[in-house]
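*Asks:* curious how this folds, go ahead:
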Amino acid sequence: MQLWVDADACPAVIKEILFRAATRTGLNLTLVANQSLRVPPSPLIRMVQVPPGFDEADKYIAANVQPGDLVVTADIPLAAEIIAKDAHALSPRGELYGKENIRELLDMRNFMDTLRSSGVDTGGPAAFSTADRQAFANRLDAALQRRRR
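*Replies:* Numbers count the residues shown, from 1 in each chain. As a prediction, this is how the structure comes out:
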């Protein structure tokens, strides 16, 4: 298993949790973003900067992910691609995407996108909270525990 992060919009606190997890477990962690990001010096952690442009980080991750890898992303279309490749996807808020829920999440995302396109103000996501951080840490830990078995 390798850990991948759609890192452009990933909260710093989530990246810190992932840095510690990679060090603790010995798993490779790759952050993919349109801009250069600082990562701790470690042979396990690397940063890949992709060209500017819409979905460039998503395209890179989708092209390189392997079955069994874990991708951290808030991007539901990317999560759907990851799941189709028999890899795992986890949101920075701790929501585990899977075959049982990705279709519904993708449909809801598309519906909301249609509303926004027609001028409806749908608001934005809630502010990232301590509960979100804890939910992510718990889900990540559970995924890493399953890997060890």
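*Asks:* any low-confidence regions in this protein?
*Replies:* By pLDDT under 70, the weakly predicted segments of the chain are 109, 112, 122, 124, 148-149.
*Asks:* just give me the longest helix of it.
*Replies:* helix 130-148 (DSSP state H).
*Asks:* three-state assignment of Phe111?
*Replies:* helix (DSSP: H, G, I helix; E, B strand; the rest coil).
*Asks:* likewise for Trp4?
*Replies:* Judged by three-state DSSP, the three-state class of Trp4 is strand.
*Asks:* for beta bridges, what are the partners of it?
*Replies:* Thr30, Val71 (DSSP bridges).
*Asks:* how about the strands in this protein?
*Replies:* For the chain, the strands defined by DSSP state E cover 3-6, 29-33, 45-49, 70-72, 88-90, 96-97.
*Asks:* would you turn those strands into CSV with distance to Pro125 and mean neighbour count?
*Replies:* Every residue, glycine included, has its C-beta placed from N, CA and C. Formatted as CSV, the strands of the chain follow (distance: least, CB to CB, whole Å; neighbours: other CB atoms under 10 Å):
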stretch, distance to Pro125, mean neighbour count
strand 3-6, 15, 26
strand 29-33, 19, 23
strand 45-49, 25, 16
strand 70-72, 16, 26
strand 88-90, 16, 25
strand 96-97, 16, 19
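*Asks:* could I get those as TSV with distance to Ser117?
*Replies:* TSV is the format used below for the strands of the chain (distance: least, CB to CB, whole Å):
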stretch	distance to Ser117
strand 3-6	23
strand 29-33	26
strand 45-49	30
strand 70-72	27
strand 88-90	25
strand 96-97	24
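*Asks:* so which of the ones you listed is nearest Tyr60?
*Replies:* Closest to Tyr60 of the strands of the chain is strand 29-33 (CB to CB; 5.2 Å).
*Asks:* burial measure for Pro43, as a count.
*Replies:* Neighbourhood size, Pro43 [other CB atoms under 10 Å]: 6.
*Asks:* one more: Glu16?
*Replies:* Neighbour count for Glu16, taken as other CB under 10 Å: 12.
*Asks:* same check, this time on Ser36
*Replies:* Neighbour tally, Ser36, other CB under 10 Å: 8.
*Asks:* right, I'll leave it there.
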